[in-house]
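Enquirer: Below: sequence and its predicted model.
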Amino acid sequence: MLRQRLTRFAVAARIAYAERGLAGGSRYIGRALHRKFNLLLQHEAAKRERTALRAALAQARAVAPDGTTQIALLISGGIGDQIVIARLMRDIHAQAGPVNFHIFVARPAITKWVFSNVPGFLGAYCDSLFHLVYTDYQMALRANSVLLTYAEQLHWNELTGNRRMAELAFTLICNRREVDDYVEPHPYRDGDLAREIVRAGRSRRDYLHHLAGISYGGDRLDVPRAPEIRARMGLEGRAYVTVHNGFDTDFVVTGARATKCYPYFGAVVSRMRAARPDLLFVQVGTITSDPIAECDLRLIQQTSLPEVAALIEGAALHLDNEGGLVHLAAALGTRAAVVFGPTPSAYFGYSGNINIAPPVCGDCWWSTRSWMDKCPQGYEAPLCMTMQAPGDVAARALTGLAMVPADAAQRVGVLRAAE
């Protein structure tokens with residue numbers, strides 16, 4: 001894992017130097033080292049956890065009901081990808097379980113939050129451990145844009161005790177040829193794969209389910225929330241909109257913002273407030289977000305994930321560019337108005353959302369390795385975002401607001417009753 005990360009870093013640095021010159025390349029290296037150096041050290045140190053992990057697996061097997069399948073799950077991606085995969089594991093447990101699974105991932109702390117309420121989840125570990133222990137499990141899975149199993153590792157003699165899980169393994173092996181061309185180049189051909197998925201009538205939400213032969217159990221996902229933040233911020237009983245304009249912190253960009261980030265949310269908020277003066281606007285996000293002066297509350301880097309989830313759950317609408325918090329909003333039952341640019345709305349969009357497609361260009365996701373950093377068409381600023389008029393975005397977002405109760409407290413009560 002460390003060697004692969006260093007190889008990707010070297011390739012990305014060469015591209016940054018080639019496309020941005022000495023200054024851009026140096027900025028990339030500086031930012032990447034700042035964000036990821038400690039992560040690399042943590043992953044090497046994590047290999048020492050192998051003995052403890054094997055003991056935990058043995059204990060889980062000892063107390064598991066008969067027929068429980070033990071799974072090692074290697075995943076990648078940000079919060080949105082993990083929410084998609086959490087729904088998959090929820091549905092595997094419901095339809096082919098019981099299962100227990102350990103997850104191996106770059107940032108275990110985030111994963112523990114996303115999966116904490118998924119049945120069968122036993123814990124998350126650094127992905128450096130995966131190839132040291134995966135043969136100890138009855139099944140090993142790898143999930144990102146595709147889902148595959150390690151056929152040579154499967155413990156068929158144990159899987160036959162659970163006919164449905166054996167069928168799932170066989171289905172994944174059969175469907176491997178459908179995704180074979182995209183496995184090794186991941187993520188660099190994910191854009192081509194997304195177009196194939198959309199042509200087949202599927203999307204990011206349910207494609208992994210298709211590969212596993214599992215029915216999709218819906219967008220909702222139970223994640224831990226900290227609802228007390230709404231009272232602390234004076235939002236109880238108030239109608240408010242959450243706003244986010246950042247991107248995945250694992251991406252490193254040399255410019256002012258990532259190509260998929262909409263730059264005019266301040267103007268959108270101003271227009272929405274003029275039409276709906278009763279609304280409050282609450283900005284959430286991390287280090288990749290730019291402050292939006294027009295918002296009433298700016299909570300960048302001031303909230304935990306459970307607090308962000310509670311804020312989005314209580315919102316009348318979530319306003320965002322495409323990203324992980326849009327998946328979180330869908331998991332919580334909150335409608336989102338989403339500005340799309342390089343990433344395809346037909347693939348990532350939720351049918352209940354206001355999905356705002358770009359007026360020009362768009363859908364150039366992974367057409368180049370540096371698509372998040374530099375417009376693949378060569379424009380200094382991506383036209384798919386800069387030509388998206390704030391007035392149009394505000395009008396679409398207001399339409400979305402008209403489709404949900406204006407009273408945030410009423411809306412949360414309805415959601416809780418539904419649960």
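Expert: Looks like it came in fine. None of these values were measured; they are calculated from a predicted model.
Enquirer: Pull up the gap between the residue nearest the centre of the chain and Arg204, please.
Expert: Centroid check for the chain by CA atoms, centre = their mean gives Gly80 as the closest residue, at 1.4 Å. Relative to Arg204, Gly80 is positioned 8 Å away (CB to CB, to the nearest Å). In short, each C-beta sits where N, CA and C put it, glycine included.
Enquirer: Would you confirm that the residue nearest to the centre of the chain contacts Asp320?
Expert: No - counting by CB atoms under 8 Å, Asp320 is not a contact partner of Gly80; they are 10.8 Å apart.
Enquirer: how much space between the residue of the chain most remote from its centre and Asp219?
Expert: Within the chain, Asn157 marks the point farthest from the mean C-alpha position, 34.9 Å out by CA atoms, centre = their mean. Asn157 is 37 Å from Asp219, where distance means CB to CB.
Enquirer: burial count for Pro390?
Expert: 19 (other CB atoms under 10 Å).
Enquirer: Check which helix or strand the residue nearest to the centre of the chain maps to.
Expert: Assigned by DSSP states H and E, Gly80 belongs to helix 79-96.
Enquirer: what mean pLDDT does that helix have?
Expert: Averaged across helix 79-96, pLDDT comes to 98.
Enquirer: and if you look at stretch 115-128?
Expert: The model assigns stretch 115-128 a mean pLDDT of 95.
Enquirer: Kindly state the domain boundaries assigned to the protein.
Expert: 2-48, 63-212, 228-418 (automatic domain parsing).
Enquirer: Let's have the ones you listed in TSV, adding distance to Ala56.
Expert: Shown next, in TSV, are the domains of the chain (distance: least, CB to CB, whole Å):
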stretch	distance to Ala56
domain 2-48	14
domain 63-212	7
domain 228-418	24
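Enquirer: In terms of mean pLDDT, which of those ranks lowest?
Expert: Looking at these, the weakest mean confidence is domain 2-48, a mean of 61.
Enquirer: hmm, back to that, quick one: contacts for the residue nearest to the centre of the chain?
Expert: Gly323, Gly324, Leu325, Val326, His327, Leu328 (CB atoms under 8 Å, 6 or more residues apart in numbering).
Enquirer: So for Ala55, which of the domains of the chain sits nearest?
Expert: Closest approach to Ala55 among these (CB to CB): domain 63-212, 11.0 Å.
Enquirer: Give me the distance from the helix or strand harbouring Leu74 to the chain's centre.
Expert: Leu74 belongs to strand 69-75 when assigned by DSSP H and E. Remark: strand 69-75 is offset 19 Å from the chain centroid, using CA atoms, centre = their mean, to the nearest Å.
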